[in-house]
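S.K.: Provided below for reference: sequence and predicted model.
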Amino acid sequence: MLETFFRLKENKTDVRTEVMAGITTFMTMAYILAVNPSILSAAGMDANAVLIATALSSFIGTLCMAFFANYPFALAPGMGLNAYFAYTVVLGMGYNWQVALLAVFVEGIIFILLSLTNVREAIFNAIPMTLKAAVSVGIGLFIAFIGLQNAKIIVNNDSTLLTYQTFKGETFPSVGMGALLALIGIIITAVFLVKQVKGGILFGILVTWVLGILAELMGIYVPNPELGMYSTIPTAFISFDFSSLGSTFGQVFKADFSSLNITDFIVVMFAFLFVDIFDTLGTLIGVASKADMLDKDGKLPRIKGALLADAVATTVGTIFGTSTVTTYVESAAGVTAGGRTGLTAVVTGLLFLLAMIFSPLFLTIPSFAVAPALIIVGFYMMGSVTKIDFNDMTEAIPAFLTILFMPLAYSISEGIVAGVISWTLINLISGKAKEKKISILMYILSILFVCKFIFL
């Protein structure tokens, strides 16, 4: 039945590979189960309820991806979008979190309508192949950068903004040791991959976690919650208390409009819409490019189903009580591990469902154990740089800007914006418009992006 539905042989994969890929994707995404409640609780939402909502919406969204499109992509509440939800809309603009959820709900409905038409697919197909390759590279750098930061190998610095971790001083037993374990984990993961060990990325996470537990037991690693370094040893394994979900479930329909400014609401809704659509498109381009899923014209088959899954997940997520659900760049970890069909997504989705029960265990996996996987995946995605023609400046410069902006602006969508605007303007002004056959949609996107900078 699995072969018939997911077409495993046609996609040159098997059940074992797909299961390992699904587990790997989940392990690299599991951090959202800890991070999302932390962020949204700042907006006044119950942290336990948000954790359950995060797991449920990720489960439903990822299964939609599996059955609507048969792709190995996983979905969860988006980083950046949850921060915008909590810190800008609720704390900054003063709206309650129910109104913020309503803005995301409206955005999700619009997404569903757009996904049932050819608008989002047309946007995907209009982006030149060079920019698609650049998006893959940019996402790779972005993922690796996140990994370096999560492991605290790269840290903030007043004079240079960023710097490397110092392995000395009184913080070494916590922050420094965590960073050192992450570096060891990178080497271990790399060796697994060199030896072509199936599920090498997953085993890298687990081995690094075990090393962290041993280091903590020996007193070499000392947890320090104030510095973001937590215990690696589970104190509990399961929990069946889901009653807290009642504090967020369906609250999107109970928004208080008494202090709502309709103009601000529209701006907020379109901000969610903008970031979601281009984060999703960027992720689909990057991960699909890495897996060689794009056809000879750079189009992604069955993209309508993938986009619809993303839209449905966002809408369902608001009902449970979480911010925008989107396709995750960490799906690249599963693709790198060999995932090629929706069976990978099914496994990932089921693990998110199980996470509600085993949340105390999953949330104990330290960020420094997940970081090596993110960094190695970033390395893999860099391979798409060979698809960029660096002898053609009209292609190479926009590609470079796309790559550069993603990690530095900490946003996939901003990288796409930089690439689209620069590609269109450089080719137009240099007289290459006819030669490059710039589509009407690329002109429209460029204008919209410029307006975005002016008005949003």
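M.R.: Nice, thanks for sending it over. Numbers count the residues shown, from 1 in each chain.
S.K.: any idea how far Phe272 is from Ser323?
M.R.: Phe272 sits at a distance of 8 Å from Ser323 (criterion: C-beta to C-beta, to the nearest Å). (Glycine included, C-beta is placed from N, CA and C.)
S.K.: who touches both of those two?
M.R.: When C-beta atoms under 8 Å, 6 or more residues apart in numbering defines a contact, the residues bordering Phe272 and Ser323 alike are 81, 85, 104.
S.K.: tell me how far the host helix or strand of Ala53 is from the chain's mean position?
M.R.: If you go by DSSP states H and E, Ala53 is part of helix 47-69. Relative to the mean C-alpha coordinate of its chain, helix 47-69 is positioned 14 Å out (C-alpha atoms, centre = their mean, to the nearest Å).
S.K.: so who does Tyr31 touch?
M.R.: Contacts of Tyr31 were listed using C-beta under 8 Å, 6+ apart, and they are 150, 365, 367, 370.
S.K.: flag every buried residue along the helix holding Ala53.
M.R.: Residues of helix 47-69 classed as buried: 48-69 (neighbour count, 16 or more other C-beta atoms under 10 Å).
S.K.: quick one: find the helix or strand in this structure with the lowest mean pLDDT.
M.R.: helix 119-126 (a mean of 76; mean pLDDT, DSSP states H and E).
S.K.: which strands and helices sit next to it?
M.R.: helix 262-290, helix 303-320, helix 440-455 (3 or more C-beta pairs under 8 Å, 6 or more residues apart in numbering; DSSP states H and E).
S.K.: which residues does the last one contact?
M.R.: Put plainly, it is helix 440-455. Contacts of helix 440-455 (C-beta under 8 Å, 6+ apart): 122-123, 126-128, 274, 417, 420-421, 423-425.
S.K.: the same query, at a cut-off of 10 Å, please.
M.R.: Applying C-beta atoms under 10 Å, 6 or more residues apart in numbering, the contact partners of helix 440-455 are 119, 122-123, 125-128, 131, 267, 270-271, 274-275, 278, 413-414, 416-425, 427-428, 433, 436, 438-439.
S.K.: buried ones from these, can you make that a ChimeraX selection?
M.R.: A single ChimeraX command selects the buried members of the contacts of helix 440-455 (16+ other C-beta under 10 Å):
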select :123,126,127,128,131,270,271,274,275,278,413,414,416,417,418,419,420,421,422,423,424,427,428,436,438
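S.K.: for this protein, give me the ranges with low pLDDT.
M.R.: Counting by pLDDT under 70, the chain has low-confidence residues at 80, 257-260, 456.
S.K.: could you say which helix or strand holds Gly334?
M.R.: helix 331-336.
S.K.: over to Glu395?
M.R.: Here Glu395 is assigned to helix 393-409, by DSSP H and E.
S.K.: following the chain onward from that helix, which element is next?
M.R.: Downstream of helix 393-409, the first helix or strand assigned by DSSP H and E is helix 412-429.
S.K.: from the chain's centre, how far out does that next one sit?
M.R.: 22 Å.
S.K.: next structured bit after that helix?
M.R.: Heading C-terminal from helix 412-429 (DSSP H and E), you reach helix 433-436.
S.K.: who's in contact with that next one?
M.R.: Contacts for helix 433-436 (C-beta under 10 Å, 6+ apart): 128, 130, 392, 394-395, 423-424, 426-428, 430, 442-443.
S.K.: now do 6 Å
M.R.: Identification of contacts with helix 433-436 by C-beta atoms under 6 Å, 6 or more residues apart in numbering yields Asn427.
S.K.: now stretch 357-369: buried residues?
M.R.: For stretch 357-369, by 16+ other C-beta under 10 Å, it's 359, 361-369.
S.K.: now stretch 86-95
M.R.: 86, 89-90, 95.
S.K.: and for stretch 29-45?
M.R.: Within stretch 29-45, the residues that count as buried by 16+ other C-beta under 10 Å are 29-37, 39-43, 45.
S.K.: pick the one among those residues closest to Phe379.
M.R.: Met29 (18.5 Å; C-beta to C-beta).
S.K.: the closest one is in contact with Glu330, isn't it?
M.R.: Yes. At 4.7 Å, Met29 counts as touching Glu330 under the criterion of C-beta atoms under 6 Å.
S.K.: that older thread, how about the contacts of Tyr31 in a markdown table, adding secondary structure and distance to Leu113?
M.R.: Listed next are these as a markdown table, based on DSSP: H, G, I helix; E, B strand; the rest coil; distance: C-beta to C-beta, whole Å:
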| residue | secondary structure | distance to Leu113 |
| --- | --- | --- |
| Asn150 | helix | 36 |
| Ile365 | coil | 38 |
| Ser367 | helix | 38 |
| Val370 | helix | 36 |
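S.K.: pick the one among the residues you listed closest to Glu216.
M.R.: The closest of those, once distances to Glu216 are taken by C-beta to C-beta, is Ile365, at 13.2 Å.
S.K.: quick one: the strands in the stretch 51-200 of the chain, in order.
M.R.: 75-77, 154-157, 161-164 (DSSP state E, counting those that start in this stretch).
S.K.: and these, which is most packed in?
M.R.: Using mean count of other C-beta atoms under 10 Å, the stretch among the strands of the stretch 51-200 of the chain with the largest mean neighbour count is strand 75-77, at a mean of 32.
S.K.: who does that strand touch, helix- and strand-wise?
M.R.: helix 47-69, strand 325-327 (3 or more C-beta pairs under 6 Å, 6 or more residues apart in numbering; DSSP states H and E).
S.K.: parallel or antiparallel, which strands does that strand pair with?
M.R.: strand 325-327 (antiparallel) (DSSP bridges).
S.K.: which of the helices and strands packed on helix 119-126 sits most buried?
M.R.: Of these, helix 303-320 is the most buried (mean count of other C-beta under 10 Å), at a mean of 25.
S.K.: roughly how far is it from the heart of the chain?
M.R.: Distance, centroid of helix 303-320 to centroid of chain: 15 Å (C-alpha atoms, centre = their mean).
S.K.: need the residues that contact that helix.
M.R.: Contacts of helix 303-320 (C-beta under 6 Å, 6+ apart): 53, 56-57, 60-61, 64-65, 68-69, 71, 75, 101, 104-105, 108, 111-112, 115, 120-121, 124, 249, 252, 280, 324-325, 327.
S.K.: please parse this structure into its domains.
M.R.: 2-385, 389-455 (automatic domain parsing).
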